[in-house]
Every structure is written in C-alpha cells, then in structure tokens.
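Participant: Here is a sequence together with a model predicted from it:
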Amino acid sequence: MNLAEFERKLIAAARANPPSERVPYSFEKRIMAHLRAHPLPDECSQWAGALWRASVPCVAIMLLLSAWAFLGPPGAATGADLAQEFDNTVMAAVDQDSTADSAW
C-alpha cells in the first residue's frame, strides 16, 4: 500500500471525527498523578539483587565440590598429575608443529 495515500486517508478520517467533549474534568491531571505514583523500576538494582541471590547457590556448590575434592578417597585418583596432563594436552599442538617444521 502507498504510504502517502494511507497517511492522507488517516488524516481525513481524523478530521471527519472531531474529539468529544465528554472527557471528564482534569482527566489528564489524574492520569499524570497516577503515573507519578508508580515510579519506573530501576533495572540496575533488579540485576544486582538477582546476582546476589544467585551467589548463595554458587558458593554452596563451590564448597561442596571443594570438600569432595579434598576429602575424597585417596585411591580414587589415577596417580597422574592433572596439571601435567593439561600441560601435555595444550603443548601437543606446539610439538606437532615443531615436528612438521623440521621435516621441511
């Protein structure tokens, strides 16, 4: 539909229907007073409250996992150092690149 034609029809319809005088006295003042009575919620405080409430379960999970790691049975570990295994995994790509460079 043509936007200019649509706008022309809307303006013509608005001019054909004048506003009513049935609006109560000081209606707009009552509406504005009602809007001022309900302030807009502060989004930052809502986020802060939600994050503080979420911190309690996070700390509880952290404490449970820490206790499980430290107080678990000593025979449950495979005997290998996790830090050493992580280092070997990360450096595997570097070692692979160095062997490929020496072949050229």
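Facilitator: Received the coordinates, thanks.
Participant: Averaged pLDDT, stretch 30-42. What do you get?
Facilitator: Here stretch 30-42 scores 85 as its mean pLDDT.
Participant: repeat for stretch 83-90
Facilitator: pLDDT averaged over stretch 83-90 gives 84.
Participant: from now on call the first residue 200
Facilitator: All right, first residue 200 from here; so that's stretch 282-289.
Participant: Please state the offset of it from the chain centre?
Facilitator: 33 Å (CA atoms, centre = their mean, to the nearest Å).
Participant: Same check on stretch 202-219?
Facilitator: 43 Å.
Participant: Return the set of buried residues in it.
Facilitator: Buried residues in stretch 202-219, counting neighbours by 16 or more other CB atoms under 10 Å, are absent. No exception for glycine: its C-beta is placed from N, CA and C like everyone else's.
Participant: just the helices in this structure please.
Facilitator: 202-215, 226-236, 242-270, 281-302 (DSSP state H).
Participant: In the chain, where is pLDDT below threshold?
Facilitator: For the chain, applying pLDDT under 70 flags the ranges 200, 272-279, 296-303.
Participant: Geometric centre of it: which residue is closest?
Facilitator: W246 (9.3 Å; CA atoms, centre = their mean).
Participant: Please report the distance of it from A212.
Facilitator: 45 Å (CB to CB, to the nearest Å).
Participant: what does L263 give?
Facilitator: 67 Å.
Participant: same deal with V289?
Facilitator: For V289 relative to A212 (CB to CB), the value is 70 Å.
Participant: ditto for F269
Facilitator: Taken as CB to CB, the span from F269 to A212 is 76 Å.
Participant: who touches the residue nearest to the centre of the chain in this structure?
Facilitator: Under the criterion of CB atoms under 8 Å, 6 or more residues apart in numbering, W246 has no contact partners.
Participant: What is the neighbour count of P223?
Facilitator: For P223, the neighbour count with other CB atoms under 10 Å is 7.
Participant: Repeat that for M261.
Facilitator: M261: 10 neighbours (other CB under 10 Å).
Participant: How about A236?
Facilitator: So A236, with other CB under 10 Å, has 7 neighbours.
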